[in-house]
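Asker: need a structure here:
(one chain, ligands or ions: 1)
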Amino acid sequence: MANDKLMKAKEVKNDEFYTEYKTISDEIGHYRNQLKGKIIYCNCDDPSWSNFWKYFHNNFASLGLKKLVSTHFQKDSEPSYKIEYCGGDDFNIDAGKISEIVGNTAKINGKEVFYTAGDFRSEDCIKLLKEADVVCTNPPFSLFREYLNQLIEYNKQFIIIGNQNASHNKEIFPLFKENKIWYGASIHSGGVDFRMPDDLDSYSSNVFIKNGHHYINLAGIRWITNLDVKYRHEGLWHKNGQFDKTQAHTYYEGNEDKYLKYDNFDAIDIKSANEIPIDYEGMMGVPITILDRFNPEELELIGIGSGSMAAKIGVKKNYRGRTDIAYTLPDGTHKCPFSRVIVRNLHPIKKSEDLGY
Ligand SMILES: C[S@@+](CC[C@H](N)C(=O)[O-])C[C@H]1O[C@@H](n2cnc3c(N)ncnc32)[C@H](O)[C@@H]1O
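Answerer: Alright, predicted model coming up:
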């Protein structure tokens, strides 16, 4: 029994956070033109309550979708079901054709694994994944890496929501670096409200009641997608894909003493995206929030400034014996800046040649 409770708490901690309708509509509206004629698959969504199902159902005609399919995870070995909708009764969220899906056993790294019905890794769900054009959901936080890797493996388009901590991960960061994934359009700061189950024995202190239900406000939430988004054509120095001549720029030339050089890696430290000098040709360590304004025409992502990923790009051991980038302050103290990614300006412009402002 105690173990059951622990399991439940663990599951909730990781996975049971439900997305609000407005969070979804604020994001999906940015992709209207890219969703026309597409088959949408929500593969972690129980249509009896999922707002993803509800949003795409309500907006089926207005988005010009071809088909909407939803499946959800069945915890025991019972069958689950898929529901598909091809239009005609958009505001009746029960409208759709239901059919049974089942679990299966698979051999993973020589081990027999049983996927219960509706597990995104099960045979039935993979078959539906292959038929889909765009996958859209809030997947289980605890399986985020595996979930994303599956989407990449099957070459799918997707709009999914998760925690930005995943971006530092050694399997996920390379996808950002290779411009295979990026942040979505609507969330770039602040916290996001998620609904939680109402029947838990206890809640953490940051859970609150809204409209009679339990909610939590989570920081660091981002949409992750591989569909085109406007900010990717703007970034630091562009507007709608054009160099923005109306902006004042920051220069390294003349301000060299403002930028600290790392002790164990050949790059300068930048404290905020607005301080990235347009004329610097070398590598720069910038806060990971650069991903919220990342235009791949402007910057190249080189790597992460800490841990084993930093060692890979040549960061040497620092004053603590670790491969985390570090600098020495004018008073002689050493410091590792928080959460840096290493970037390089693809088209540095000399101060004397800058056509901006
Ligand atoms: C973060 S919740 C989000 C639910 C819903 N997509 C939403 O946005 O409101 C993730 C859901 O995935 C379910 N889940 C857990 N493991 C799964 C798996 N292997 N395959 C499919 N769904 C899973 C969880 O039960 C949970 O309901």
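Asker: list the contacts of whatever residue of the stretch 201-350 of the chain ends up closest to the ligand.
Answerer: Ranked by CB to the nearest ligand atom, the top residue of the stretch 201-350 of the chain for proximity to the ligand is residue 218, at 10.4 Å. For glycine as for every other residue, the C-beta is placed from the backbone atoms N, C-alpha and C. Counting by CB atoms under 8 Å, 6 or more residues apart in numbering, residue 218 makes contact with 17, 163, 191-192, 194.
Asker: how does it look with 6 Å?
Answerer: 191-192, 194 (CB atoms under 6 Å, 6 or more residues apart in numbering).
Asker: let me know the helix or strand that the residue sitting nearest the centre point of the chain is in.
Answerer: By CA atoms, centre = their mean, the chain has its centre lying nearest to residue 224, at 3.2 Å. Using DSSP states H and E, residue 224 falls within strand 221-225.
Asker: then residue 341?
Answerer: Assigned by DSSP H and E, residue 341 falls in strand 340-345.
Asker: just checking, what packs against that strand?
Answerer: strand 283-287, strand 299-304 (3 or more CB pairs under 6 Å, 6 or more residues apart in numbering; DSSP states H and E).
Asker: pull out the buried positions in that strand.
Answerer: Within strand 340-345, the residues scored as buried using 16 or more other CB atoms under 10 Å are 340-343, 345.
Asker: which two from the residues you listed end up farthest apart in space?
Answerer: By the measure CB to CB, those have their two most distant members at 340 and 345, which lie 15.6 Å apart.
Asker: could you export the helices and strands packed on strand 340-345 as a markdown table, including mean neighbour count, distance to residue 208 and mean pLDDT?
Answerer: Listed next are the helices and strands packed on strand 340-345 as a markdown table, based on neighbours: other CB atoms under 10 Å; distance: least, CB to CB, whole Å; pLDDT from 0 to 100:
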| stretch | mean neighbour count | distance to residue 208 | mean pLDDT |
| --- | --- | --- | --- |
| strand 283-287 | 23 | 29 | 97 |
| strand 299-304 | 20 | 34 | 98 |
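Asker: that older thread, mind checking how far the strand holding residue 224 is from the chain centre?
Answerer: With CA atoms, centre = their mean, to the nearest Å as the basis, strand 221-225 stands 3 Å off its chain's centre.
Asker: touching the ligand at all, that strand?
Answerer: No. Against the ligand, strand 221-225 shows no contacts by CB under 6 Å from any ligand atom, the least distance being 10.8 Å.
Asker: partner strands of the following helix or strand past that strand and their direction?
Answerer: Where DSSP H and E defines the elements, the next helix or strand beyond strand 221-225 is strand 238-239. Strand pairing for strand 238-239, determined by DSSP bridges: strand 242-243 (antiparallel).
Asker: tell me what the helix or strand residue 136 falls within is packed against?
Answerer: Assigned by DSSP H and E, residue 136 belongs to strand 134-137. Other elements packing on strand 134-137 under the criterion 3+ CB pairs under 6 Å, 6+ apart are strand 39-42, strand 157-163.
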